[in-house]
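Peer 1: from the sequence below, what's the structure:
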Amino acid sequence: MAARAHAAPATSTPRSSRANFPLMATEHKPVLAAELMRLLAPRAGEVAVDCTFGGGGHARLVAEAIGPSGTLVCIDRDPDAEARYEAFAANAPCRTRFISSDFAAGLRTLRGEGMRPEMAYMDLGMSSMQVDAWERGFSYSYDAPLDMRMDTRQKLSAADIVNEWPESRLAQALRRFGEERYAGGIAREIVRRRPLATTSELVDAVKAGMPASARFGGGHPAKRTFQAIRIAVNGELDLLEDALPTAWSLLPMGGRLAAISFHSLEDRPVKQFLAERAKGCVCPPELPVCVCGREPEAELLTRRAVAPGPDELAANPRARSAHLRAAVKIAAPTEATA
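Peer 2: Prediction:
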């Protein structure tokens, strides 16, 4: 696992001087950026962890807020993100560091070092740069090799899953990770057509594996299948289940944790994790006094998930499914909750 550190430039970049701190060459529109900044409320000198650096859109705003005395740790497993980080760090108005790994492993590294950041945030799923890089095979809109690896150094790819997994396992993945109603028929058709080499061949198999009436309305017919295979390739949900408690354990009192998700499979564990930590006494209501000793260790900053407003949706249609949740740590875990 590689880590690189950069000091803030000798002459700090004023927060209002954004021309000195440009966006990446690849256009990137960070989702729910203003809402994330409002909830995290980063202040000068604080330490922040960007668990999913991606295109650096959120990192740029946080870096401006924490300033030269602050530190921003960026984590991403995509080698392309590391190249974008180098461009970002060259002019960042704060100290920066990059950890080249998935966010669960990166957070464990920070925990091992005893780091206590004031905030950590996650922008889950795939980045717009990954979608638009046709050769990565994330999108059903381009004909490309079946890849879908967020870390191009890992061995398992979409081609391996599509061509090697047994039909029953493939159907289970489509149901679990894509909530695909026609998982059985699609898996059967995929197996029948093996070997599949490209995204177009996978799209054709998906369409052939579902009723004709299901191919129209409700978005692209292959959307759920592509989501499921991508999640399976990258182990996204398992990593999220690991990363949430690790990130929370890093935070001191007053520390903030936020996550932006793009579908219910991501949003649900975030919601449940934060709600569990915000829960107090769990004694039966008939007991006159509390005997469980449970105290809430979190205060929810979002009672309901925050969604993009109409202006953001008009400027960035890809934000339409985004949901933001956040909480602040108000106490250490009690024995009843640890």
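Peer 1: contact partners for Trp267?
Peer 2: To be clear, residue 267 is Asp; Trp isn't right here. Ser261, Ala305, His323, Arg325 (C-beta atoms under 8 Å, 6 or more residues apart in numbering). In short, each C-beta sits where N, CA and C put it, glycine included.
Peer 1: quick one: which of those residues is nearest Glu276?
Peer 2: Closest to Glu276 out of these is Arg325 (12.7 Å), distances taken as C-beta to C-beta.
Peer 1: and the closest one, how far from Leu300?
Peer 2: Distance, Arg325 to Leu300, using C-beta to C-beta, to the nearest Å: 8 Å.
Peer 1: more neighbours: which of the two?
Peer 2: Taking other C-beta atoms under 10 Å, Arg325 and Leu300 do not tie; Arg325 has more neighbours (23 against 16).
Peer 1: which other helices and strands does the helix or strand containing the more buried one contact?
Peer 2: Using DSSP states H and E, Arg325 sits within strand 323-329. Under the contact criterion of 3 or more C-beta pairs under 8 Å, 6 or more residues apart in numbering; DSSP states H and E, strand 323-329 touches helix 33-40, strand 256-261, helix 264-277, strand 298-300.
Peer 1: buried set for the longest one?
Peer 2: Residues of helix 264-277 classed as buried by neighbour count (16 or more other C-beta atoms under 10 Å): Leu265, Glu266, Asp267, Pro269, Val270, Lys271, Phe273, Leu274, Arg277.
Peer 1: dump it to CSV, restricted to CA.
Peer 2: Backbone C-alpha positions of helix 264-277 (Å, rounded to 0.1, in the frame of the first residue of the first chain) are rendered in CSV as follows:
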residue,chain,number,x,y,z
SER,A,264,-30.4,1.7,-1.8
LEU,A,265,-27.8,-1.1,-1.4
GLU,A,266,-25.3,1.6,-0.4
ASP,A,267,-27.7,3.9,1.4
ARG,A,268,-29.2,1.2,3.6
PRO,A,269,-26.1,0.2,5.5
VAL,A,270,-25.1,3.8,5.9
LYS,A,271,-28.5,4.7,7.3
GLN,A,272,-28.5,1.6,9.6
PHE,A,273,-25.0,2.2,10.9
LEU,A,274,-25.6,5.8,11.8
ALA,A,275,-29.1,5.1,13.3
GLU,A,276,-27.6,2.4,15.5
ARG,A,277,-25.1,4.7,16.9
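Peer 1: over it, what's the mean pLDDT, rounded is fine.
Peer 2: Mean per-residue pLDDT for helix 264-277: 97.
Peer 1: same check on stretch 138-152?
Peer 2: pLDDT averaged over stretch 138-152 gives 94.
Peer 1: list the buried residues of that stretch.
Peer 2: Neighbour count says stretch 138-152 has Phe138, Ser139, Tyr140, Tyr142, Ala144, Leu146, Asp147, Met148, Arg149, Met150, Asp151 buried, by 16+ other C-beta under 10 Å.
Peer 1: also stretch 67-74?
Peer 2: In stretch 67-74, counting by 16+ other C-beta under 10 Å, buried: Gly67, Pro68, Gly70, Thr71, Leu72, Val73, Cys74.
Peer 1: so the fourth one is in contact with Pro93, correct?
Peer 2: No. In terms of C-beta atoms under 8 Å, Thr71 does not count as a neighbour of Pro93; the distance is 11.8 Å.
Peer 1: what's stretch 296-309 in contact with?
Peer 2: Outside stretch 296-309, the residues that touch it by C-beta under 8 Å, 6+ apart are 31-32, 35, 39, 256, 258, 267, 271, 274-275, 277-280, 316, 319-320, 322-334, 337.
Peer 1: end to end, how far does it reach?
Peer 2: 31 Å (C-alpha to C-alpha, to the nearest Å).
Peer 1: same thing with stretch 193-210?
Peer 2: 15 Å.
Peer 1: give me the average confidence score over it.
Peer 2: Rounded mean pLDDT across stretch 193-210 is 97.
Peer 1: who touches it?
Peer 2: Against stretch 193-210 from outside (C-beta under 8 Å, 6+ apart): 137, 139-140, 142-146, 158-159, 162-163, 182, 185-190, 215, 221-222, 225-226, 229.
Peer 1: now the buried members of these.
Peer 2: 137, 139-140, 142, 144, 146, 158-159, 162-163, 182, 185-190, 221-222, 225-226, 229.
Peer 1: among the residues you listed, which ones are in helices?
Peer 2: Among these, DSSP state H puts 158-159, 162-163, 185-190, 225-226, 229 in helices.
Peer 1: just give me the closest of those to Gln172.
Peer 2: Ala187 (8.5 Å).
Peer 1: how about the nearest residue to the closest one once chain neighbours are set aside, secondary structure?
Peer 2: Leaving aside its sequence neighbours, Ala187 sits nearest to Ala171 (C-beta to C-beta, 6 or more residues apart in numbering; 3.7 Å). For Ala171, the assignment made with DSSP: H, G, I helix; E, B strand; the rest coil gives helix.
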